[in-house]
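> attaching a predicted model along with its sequence, questions to come.
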Protein chains: 2
Amino acid sequence: MTRDHITDTYKKIQDEITQALERLDGKAKFQEEIWEREGGGGGRTRIIQGGNLLEKGGVNFSAVHGTLPAPIKKAFGVDEDQFFATGVSIVLHPNHPLVPIIHMNIRYFELNEQLRWFGGGIDLTPHYVYPQDATYFHQALKDTCDKYHPNFYGEFKAWADRYFYIKHRDETRGIGGIFYDRLTPEKTGLSYEEIFDFSCDLGRTFAPVYIELANRHRDELFTQAQKDWQLIRRGRYVEFNLVYDAGTKFGLETNGRIESILMSLPSQANWAYDYKAIPGSAEEKTLSLLKQGIDWV
Amino acid sequence: MTRDHITDTYKKIQDEITQALERLDGKAKFQEEIWEREGGGGGRTRIIQGGNLLEKGGVNFSAVHGTLPAPIKKAFGVDEDQFFATGVSIVLHPNHPLVPIIHMNIRYFELNEQLRWFGGGIDLTPHYVYPQDATYFHQALKDTCDKYHPNFYGEFKAWADRYFYIKHRDETRGIGGIFYDRLTPEKTGLSYEEIFDFSCDLGRTFAPVYIELANRHRDELFTQAQKDWQLIRRGRYVEFNLVYDAGTKFGLETNGRIESILMSLPSQANWAYDYKAIPGSAEEKTLSLLKQGIDWV
């Protein structure tokens, strides 16, 4: 399991996903931007905008290395400072309010060529929560997890519930999914190769699952009221990403590539003062399901 | 200078401003919400939405007291924990892209009835920077400052430049204004009464200055491209408020009244991947003026 092998495989996964998403969209193509990092390494940012379905999204690959900034060393609780990091990171905002927002990340991190770990996850943010979709989504993640470790799904699902939480609203960002970090053989009983395989398998779970969810709803008619609600939900997505998301904070604090980091923001988001869902409405039902600890499987 | 006198005067300033802004708008009226804080005190939130000119804004008064949460004590570097705070806080988002966003705050803070200080400021965020408007705005602030202390304008202008800065974009939120905090007789050579008078005078500078700026542009025709730019600029405003603004962070971390805190967010904000202003355009000119240290007077 060399750096090069991980890097090449993650690049291949980026290719597979962008091809699958272009087929799903049927109109828009990803615009690629190759960039280099001053301190070492670089990436392939791929952005899609104004599609039939995909209003704005990014499927980004990067492989960067260099010296870890002091505050990050402190946050990580480590003394080593030569790092290597590679990963694929995705956020998709569909134009259709009945199709969910989705986020995925798989990443590998190395410190001084000694400490090594994997992190990542997939989580779903439906503007309207359909319990059957939520179950399908979580079951797909569980199936992938179960191939590698009987505890992965349960632990990583709970981690996602804790992580994707908008504290000041007391609501989760969406219906969660899985989130994991710092996976090592020591912690999992798996080899590095097996953990790497798990991350690739998760990366390859992404496209078929999102395509299925999108196709379930993309041809449904929707109302202006549903569109308005979508924009309000996107406002909450912006709040989470700018106030809480560790990846975003890390990027902003380390002078990361701003446009790649903030590709997670939607093309449009709205805020209304003291929005209250109508009792008994689909919006209220959705809010009641944006809670930690719901067992969808 | 009793608490009651400060509270009553700040309430009166809220009244004066909301009345002046309703006259300016000509259509929308402020909706008032009276709220009480669990730990002590409360406020009058006044929100305006969907006006002729004012698309979304708030003019909020609050007077709260209680026990300071431990993290805030730490941030303030104090041992005392019985606090009293009162103030008026304003953000206005106009619908017209040639009329600026404005923010004002005047506040008084007390700890254990011993430590006492004033803070506040006014700053302007034009979607398009007009140098003559910027000069008018800064001159008006300077005129108010100069009545109280020859150093106020220069020091508080520099403070605003440092504070209203979007680090990850390397741009200021707008053209600044003044910002000050923890003003005491010790630091200023003024009495508490004089500092209080300064804060009230600043509060009363707000409405006439904003009305003048709004009237200069509200009847101008604008293009869709200017409207699009306005929405992008609002995206930057959201980034500043959620990532950097100390008042917002303080509010979110202390379980403040979320809807009052986040009234600063616009009804709509947009993000475009890697937006680039056309060389020579008014948008590029504006970006070139969103820098620290410009002397407008």
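Yep, it's here. Numbering: from 1, shown residues only, chains lettered A, B, ... in the order given.
> report all helices and strands that the helix-or-strand element of chain A with minimal mean pLDDT contacts.
Taking all helices and strands of chain A together, the one with the lowest average confidence (mean pLDDT, DSSP states H and E) is helix A:70-76, at a mean of 78. Packing partners of helix A:70-76 (3 or more CB pairs under 8 Å, 6 or more residues apart in numbering or on different chains; DSSP states H and E): helix A:246-253. Glycine gets a C-beta too; all of them are placed from N, C-alpha and C.
> can you do 6 Å?
Identification of packing neighbours for helix A:70-76 by 3 or more CB pairs under 6 Å, 6 or more residues apart in numbering or on different chains; DSSP states H and E yields no helix or strand.
> off-centre distance for it?
Its chain's C-alpha centre lies 23 Å from the corresponding centre of helix A:70-76 when counted by CA atoms, centre = their mean, to the nearest Å.
> just the CA trace of it, in PDB.
Taking Å, rounded to 0.1, in the frame of the first residue of the first chain, the C-alpha atoms of helix A:70-76 are listed here in PDB:
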ATOM      1  CA  ALA A  70       1.700  24.800  14.200                       C
ATOM      2  CA  PRO A  71      -2.000  25.200  15.100                       C
ATOM      3  CA  ILE A  72      -2.800  22.000  13.200                       C
ATOM      4  CA  LYS A  73      -0.100  20.100  14.900                       C
ATOM      5  CA  LYS A  74      -1.500  21.200  18.200                       C
ATOM      6  CA  ALA A  75      -5.100  20.300  17.200                       C
ATOM      7  CA  PHE A  76      -3.900  16.900  16.100                       C
END
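> and the next helix or strand past it?
For helix A:70-76, the following helix or strand on the C-terminal side (DSSP states H and E) is strand A:82-94.
> could you check whether that next one is close to chain B?
No. Counting by CB under 6 Å from any CB of the partner chain, chain B is not contacted by strand A:82-94; separation bottoms out at 9.8 Å.
> list the buried residues for that strand?
Using 16 or more other CB atoms under 10 Å in any protein chain shown as the test for burial, strand A:82-94 gives A:Phe83, A:Phe84, A:Ala85, A:Thr86, A:Gly87, A:Val88, A:Ser89, A:Ile90, A:Val91, A:Leu92, A:His93, A:Pro94.
> so the closest residue to chain B within the stretch 1-150 of chain A: helix, strand or coil?
Nearest residue of the stretch 1-150 of chain A to chain B: A:Ile47, at 4.7 Å (CB to the nearest CB). Going by DSSP: H, G, I helix; E, B strand; the rest coil, the secondary structure assigned to A:Ile47 is strand.
> does it touch A:Asn60 like I think?
No. Distance between A:Ile47 and A:Asn60: 8.5 Å, which falls outside the contact criterion (CB atoms under 6 Å).
> out of those two, which sits in the more crowded spot?
It is A:Asn60, of A:Ile47 and A:Asn60, that has more neighbours when counted by other CB atoms under 10 Å in any protein chain shown, with 23 against 20.
> which SSE is that one in?
When elements are defined using DSSP H and E, A:Asn60 is found to belong to strand A:54-67.
> now what about that strand, what contacts it?
A:7, A:11, A:14, A:17-18, A:25, A:28, A:37, A:39-41, A:43-49, A:81, A:84-86, A:88-93, A:95, A:260, A:263, A:266-267 (CB atoms under 6 Å, 6 or more residues apart in numbering or on different chains).
> what angle do it and strand A:82-94 make?
On the basis of axes from the mean of the first three to the mean of the last three CA atoms, to 10 degrees, strand A:54-67 is oriented at 180 degrees to strand A:82-94.
> quick check: mean pLDDT of strand A:54-67?
Here strand A:54-67 scores 95 as its mean pLDDT.
> check which residues of that strand are buried.
Of the residues in strand A:54-67, A:Leu54, A:Glu55, A:Lys56, A:Gly57, A:Gly58, A:Val59, A:Asn60, A:Phe61, A:Ser62, A:Ala63, A:Val64 count as buried by neighbour count, 16+ other CB under 10 Å.
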